[in-house]
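> dropping a prediction and its sequence here:
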Amino acid sequence: MKLTVLIIQGADYLIGSIKEIPAVVTQGGTRQEVLENIQDALQLYLEDMRSEEDFGNVVSKVELVFA
C-alpha cells in the first residue's frame, strides 16, 4: 500500500499529513522528523481504529487488501 505524505510549512514547524487518511497529522522541525513522526502517528491511528471494535461501535467490518 502506498500513502502520500503532504508536508507544508507552518508558522513554526513543518506540518505533515497523509493525503489518503486526513486524520493522521503531525509536525516536526525537519522533513526527516516529519516523516518519522507521521509513521508513529499512523501506527497510533491504526491501533485506535482497531480498538474501536472492542467497544461494540462497529456496524460493519470489511477487510480490503491492497497490492
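Good, I have the coordinates.

> per-residue pLDDT, Phe55?
The model reports Phe55 with a pLDDT of 62.

> please read the previous query as pertaining to Lys2.
For Lys2, the predicted pLDDT is 92.

> next: the one 10 residues further on.
In this prediction, Asp12 carries a pLDDT score of 96.

> is it in a helix, a strand, or coil?
coil (DSSP: H, G, I helix; E, B strand; the rest coil).

> and the gap between it and Phe66?
35 Å (CB to CB, to the nearest Å). All C-beta atoms are positioned from the backbone trio N, CA, C, and that covers glycine.

> between these two, which one's more packed in?
The residue with more neighbours, out of Asp12 and Phe66, is Asp12; 8 against 5, by other CB atoms under 10 Å.

> and the more buried one, backbone torsions?
phi -120, psi -20 (degrees, to the nearest 10).

> neighbours of Tyr14, how many?
Actually, residue 14 is Leu rather than Tyr. 19.

> grab the nearest non-local neighbour of Thr26.
Residue nearest to Thr26 in three dimensions, not counting chain neighbours: Asn37, with 4.0 Å by CB to CB, 6 or more residues apart in numbering.

> distance from the helix or strand containing that neighbour to the middle of the chain?
Element membership of Asn37 [criterion: DSSP states H and E] is helix 31-52. With CA atoms, centre = their mean, to the nearest Å as the basis, helix 31-52 stands 5 Å off its chain's centre.

> so what does it touch, helix or strand wise?
strand 5-9, strand 14-18, strand 21-28 (3 or more CB pairs under 8 Å, 6 or more residues apart in numbering; DSSP states H and E).

> ranking those strands by burial, who's on top?
By mean neighbour count, with neighbours taken as mean count of other CB atoms under 10 Å, strand 14-18 ranks first of these at a mean of 19.

> name every strand pairing with it and say which way it goes.
Under the criterion DSSP bridges, strand 14-18 sits next to strand 5-9 (antiparallel), strand 21-28 (antiparallel) in its sheet.
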